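Novice: just coords:
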C-alpha cells in the first residue's frame, strides 16, 4: 500500500522532531542527557526563601536576630519536612 503525501509529511515531521530532540539534549558530563525542564522547583524555593527572609527579619528585635532570621529562611524547608515527618510518625 502506497503512502499518501500526508503520511509522508507526518513521517518526515516526526523524524525531524526526533532529530531535534537528539541534538538539543544537554550533556553535563555525567553520562545522562538533560532537557532542562525541572527549573520550576528552584523558582518556588527562591520565592519561599525571599518570603521567609522578609517574615523573619520583620520579627527580629536586633541585628543578630535578623541574621538568625536569614539563616532560618535558608533552612525552613528542612524544618518543615522534619516537623511533618515527626507529626506523621514516619
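Specialist: Perfect, thanks for sending it. Given the structure is predicted, the values throughout are model-derived calculations rather than measurements. Numbers count the residues shown, from 1 in each chain.
Novice: so what pLDDT did the residue nearest the centre of the chain get?
Specialist: Nearest to the geometric centre of the chain sits residue 41, at 2.6 Å (C-alpha atoms, centre = their mean). Residue 41 is assigned 75 on the pLDDT scale.
Novice: equivalent analysis for residue 82, please.
Specialist: Reported pLDDT for residue 82: 90.
Novice: so what's the residue count around it?
Specialist: 11 (other C-beta atoms under 10 Å). Using the backbone N, CA and C atoms, a C-beta is placed for each residue, glycine as well.
Novice: try residue 72
Specialist: By other C-beta under 10 Å, the residues close to residue 72 number 17.
Novice: ok, now the one 5 residues further on?
Specialist: Number of residues near residue 77 (other C-beta under 10 Å) recorded here: 13.
Novice: for it, pull up the helix or strand it's in.
Specialist: According to DSSP states H and E, residue 77 maps onto helix 63-87.
Novice: which secondary structure elements does that helix sit against?
Specialist: Under the contact criterion of 3 or more C-beta pairs under 8 Å, 6 or more residues apart in numbering; DSSP states H and E, helix 63-87 touches helix 40-59.
Novice: check which residues of the helix it packs on are buried.
Specialist: For helix 40-59, burial by neighbour count (16 or more other C-beta atoms under 10 Å) applies to 49, 52, 53, 56, 57.
Novice: and the protein, what are its domains?
Specialist: Taking automatic domain parsing as the reference, the chain has its domains at 5-34, 40-87.
Novice: just say which of those is most tucked in.
Specialist: Among the domains of the chain, domain 40-87 has the highest mean neighbour count (mean count of other C-beta atoms under 10 Å), at a mean of 12.
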